[in-house]
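Asker: build the 3D model from these lines:
(2 chains)
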Amino acid sequence: MNNSILVVVLASAVTYGTPLLYSALGELVAERSGVLNLGVEGMMLVGAVMGFWAVQTIPGPGPLVLIIAVCVAAIAAGLMALIHAFLVITLRANQIVSGLALTIFAGAGGLSSYLGNDLNLADAPAKHAFGAFFPHSMQTLPVVGPIFFEQNALVFVAWLFVGGVAFYLARTRPGLNLKAVGEAPAAADAMGINVTRTRYIHTVVGGAFAGIGGATFSLAITPQWVDGLTQGAGWIAIALVIFAFWRPALCLVGAYFFGAFAGLPFTLQARGVTVAPELFQALPYVMTILVLVTVSAAGARRRLGAPGALGTPYVREER
Amino acid sequence: MPAVSLHGITKRFPGVVANDGVDFEAAEGEVHALLGENGAGKSTLSNILTGLYRPDEGSVELYGERVEFDSPRDALNAGICMVHQHFRLVPPFTVAENVILGDTRGESGRFLVHPRHIERRVAELGERYRIAVDPRARVWQLSLGEQQRVEILKALYREAKILILDEPTAVLTPQEAESLFITLRAMAAEGRTVIFISHKLHEVTAVADRVTVLRGGKTVATVDTAESTTQSLASLMVGREVDVATRVPREITIGGPVLELAGVGATGDRGAEALHDVTMTVRSGEIVAVAGVAGNGQRELAEAITGMRPTTAGTITVDGKPLKGGDAREAIHAGVAHVPEDRLHTGVAPSLSIASNTVLKSYRGAQIAHGPLLRLSAIKERALSLITNYDVRTSGPNVPARQLSGGNLQKVVLGREFSGEPRVLIAASPTRGLDVSAIETVHRYLREGATGGMGIVLISEDLDEILALADRIVVMYEGRIVGELDAETATKDALGLLMAGVTEPVA
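Answerer: Modelled structure (predicted):
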């Protein structure tokens, strides 16, 4: 029963959906503040490479090293986001251009590849990796075994993140301020909310989430460092935020849906079904086009319920 | 001791001195009007008082103590709240959420937001000051008048001691304005200070205790309203004797219909229905005013007639020929001229020269173009003659349009539109933001246009302007035409009721 195609697909949906979920949540947080960050792919890769580096070099017991590695990934990607934040918030650069530049700078063939080479991370097996969180006896349970109990801790932490972000947005004062800054920065400013600070914080935190998303690849799914191992997941994550109408709970659904797609080629291959792999590899590119069209078309954005000030720098002393 | 006192405030922007040594004082418990034309420095002064701008020179004192504001937060903490002309509200938020936004005191300052208690408090304040709004309603669902109430509720909730309102009546019907004045008086009676920014004289005399007049960035005088008339205030504001807008008799020769709308419908930017079954006729030689509170479909109406917005129903006929609609060039060729609401961005291409802008609608014509090539000398000639005929104050035809003042820019737009010898002119808020002499000029051109046989549609939110210019007045409410009045006999009260959507005959 646990080998039925449906169960296998669902299990891989959860596995491959998790990095998407982290990154999409991060992008959602940043976009809710009005900052569009198309650098997700680049930030994920930097997170992945630095997380893997931490696992290989930091001595200590496995669980502790893994926690530290996830933090290192988050900080590294957060620093990447800080570059974007400085360019678009302080210097008021075009957010689309800056985000694309960040992906080119940090992504495959860029900083992440350089770090991977320079730190000699490629092709080495991970010293520690996230394994199944629950005992073996639970993993053999029918249906829920493979889908839930075989999963690693990052999968479950992601759920906490979804709940946390949803609660933060809906019920807390900083969350209210965040939404106000993303919807109507002039109104927020007039009510004494620091627009610049709010945007900086949430852009950087969003980047950190993407770093954890990247680390999910290098510490749990693969788990090793392969150049460009995210294979466009960052783009899918950005598209996901749009499909989720900027709502955390819908991000969860969307992430697992696209996770199923991402895992499908492997599942099918294992069953001896050959589908042109190009079909799946093309998905991130299709998503990229979709993202760029949506974020540039004012009418579409309004209809989908995008934050009112998404993509626009805030200038106070305008005359 | 005055509640607010500003001494020698100077604020410079690149190329302009917005405030030049301004002195201003307002006492506790008074409604103090700040009167001046557009560009006199009222908004700059209020932005300094609310911490948005920092003055280059001068000092700000509150209740006798010198203060320096680095940000709006400082001003808010000092008890100053401002109701901006363009509301500072978050449209997808509820009324209650908007009210507590940024408030760090007590209940609303806690980490977790508990809407129930705040909603009750907002409802109470609304009852007490007669500005009730449903605290759970989303702001985008509210009318502009209701949104203004939310802004005032924000100030009351924060227990502001000083409330500044920038042109608060622009979005209100006359009746709504009356009720706002009652609220403001009640607030002043409690010892708060209300600073009321306006350029409308009758409002100032109706609500304020004292008036400070600004002109050209300087303080001209502070007077008691009890001892002044609209006439004397107007002279102070403009710096010379002026006639307060009155009806100028005009010889009217009404001809046949030049513009006919039958059952026209259109959707707005948000996809909702913005025009519904609009039927109206404009005849040659008459000025028909479209009155209404801002946002009731006037902009969509202008855009539909001028082909900038596709229609979803009905027909638009110009000079007997029906238009397909949604095609600006078709409308231009049919003889529709347009003085748009946003003269700088829709009326001209701001970075192009005056010369280029004068031929924006006629560059395909044989006089201007040689096949695909432009006759530059002909363009220059046309621009020079426009500059002379319309008395545009500029150093030459090659000056970029954005460098012109509002009044001169409007003259360029009018000159261009009239040069096409149109049958119909759609003038949307043609005098908004202009000074008194420019307003006089624009009005004169509109009258001359009508006398010359054009049919003119004047879309305006300024009832004084409408009553001074129009021959007939139609009133729009929520995208429909709810009434038509003869301008000779129309009163502001009657118009106000129609603008509020009250169509039942009132005894």
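Asker: separation between residue A:135 and residue A:18?
Answerer: Using C-beta to C-beta, to the nearest Å, we find residue A:135 at a distance of 21 Å from residue A:18. Placement of C-beta: from N, CA and C, glycine included.
Asker: what about these two, which has more around it?
Answerer: Legend: neighbour count by other C-beta atoms under 10 Å in any protein chain shown for residue A:135 and residue A:18, higher for residue A:18 (27 against 8).
Asker: give me the buried stretch members for the strand or helix carrying that one, please.
Answerer: Secondary structure from DSSP states H and E places residue A:18 in helix A:5-32. Buried residues in helix A:5-32, counted by 16 or more other C-beta atoms under 10 Å in any protein chain shown: A:7-32.
Asker: for stretch A:156-171, same thing?
Answerer: A:157, A:158, A:161, A:162, A:165, A:166, A:168, A:169.
Asker: quick one, what contacts the fourth one?
Answerer: What that stands for is residue A:162. A:21, A:25, A:248, A:249, A:251, A:252 (C-beta atoms under 8 Å, 6 or more residues apart in numbering or on different chains).
Asker: what does the strand or helix carrying the fourth one contact?
Answerer: This means residue A:249. Here residue A:249 sits within helix A:248-270, counting by DSSP H and E. Residues from elsewhere that reach helix A:248-270, judged by C-beta under 8 Å, 6+ apart: A:5, A:8-10, A:12-18, A:20-21, A:24-25, A:28, A:159, A:162, A:165-166, A:169, A:233, A:236-237, A:240-241, A:243-244, A:274-275, A:277, A:280, A:283.
Asker: and residue A:37, how far is that from chain B?
Answerer: 22 Å (C-beta to the nearest C-beta, to the nearest Å).
Asker: pLDDT below threshold where in the chain?
Answerer: Just going to use chain A. A:1, A:317-319 (pLDDT under 70).
Asker: correction: the question concerned chain B.
Answerer: In chain B, residues with pLDDT under 70: B:107-108, B:241-246, B:248, B:270, B:504-507.
Asker: how does it divide into domains?
Answerer: Annotated domains of chain B cover B:4-238, B:247-335+B:422-507, B:349-420 [automatic domain parsing].
Asker: from residue B:356, how far off is residue B:422?
Answerer: 20 Å.
Asker: who's more crowded, these two?
Answerer: Ranked by neighbour count (other C-beta under 10 Å), residue B:422 and residue B:356 place residue B:422 first, with 24 against 20.
Asker: next, format the domains of chain B as TSV and append distance to residue A:70.
Answerer: Formatted as TSV, the domains of chain B follow (distance: least, C-beta to C-beta, whole Å):
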stretch	distance to residue A:70
domain B:4-238	26
domain B:247-335+B:422-507	43
domain B:349-420	51
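Asker: residue B:388 - how many residues pack around it?
Answerer: 10.
Asker: just the buried positions in the helix or strand hosting it, please.
Answerer: For residue B:388, the host element (DSSP H and E) is helix B:376-389. Neighbour-count burial for helix B:376-389, with 16+ other C-beta under 10 Å as criterion, is recorded at B:378, B:379, B:380, B:382, B:383, B:386, B:387.
Asker: what does stretch B:109-128 give?
Answerer: For stretch B:109-128, the neighbour count (16+ other C-beta under 10 Å) marks B:113, B:115, B:118, B:119, B:121, B:122, B:123, B:125, B:126 as buried.
Asker: which residues does that stretch contact?
Answerer: So stretch B:109-128 is contacted by A:171-176, B:94-97, B:99-100, B:103, B:107-108, B:131-133, B:135-136, B:149, B:153, B:156-157 (C-beta under 8 Å, 6+ apart).
Asker: repeat that for stretch B:259-278.
Answerer: Here stretch B:259-278 makes contact (C-beta under 8 Å, 6+ apart) with A:302-303, B:279-282, B:297, B:300-301, B:303-305, B:309-319, B:336, B:423-424, B:455, B:457, B:478-481.
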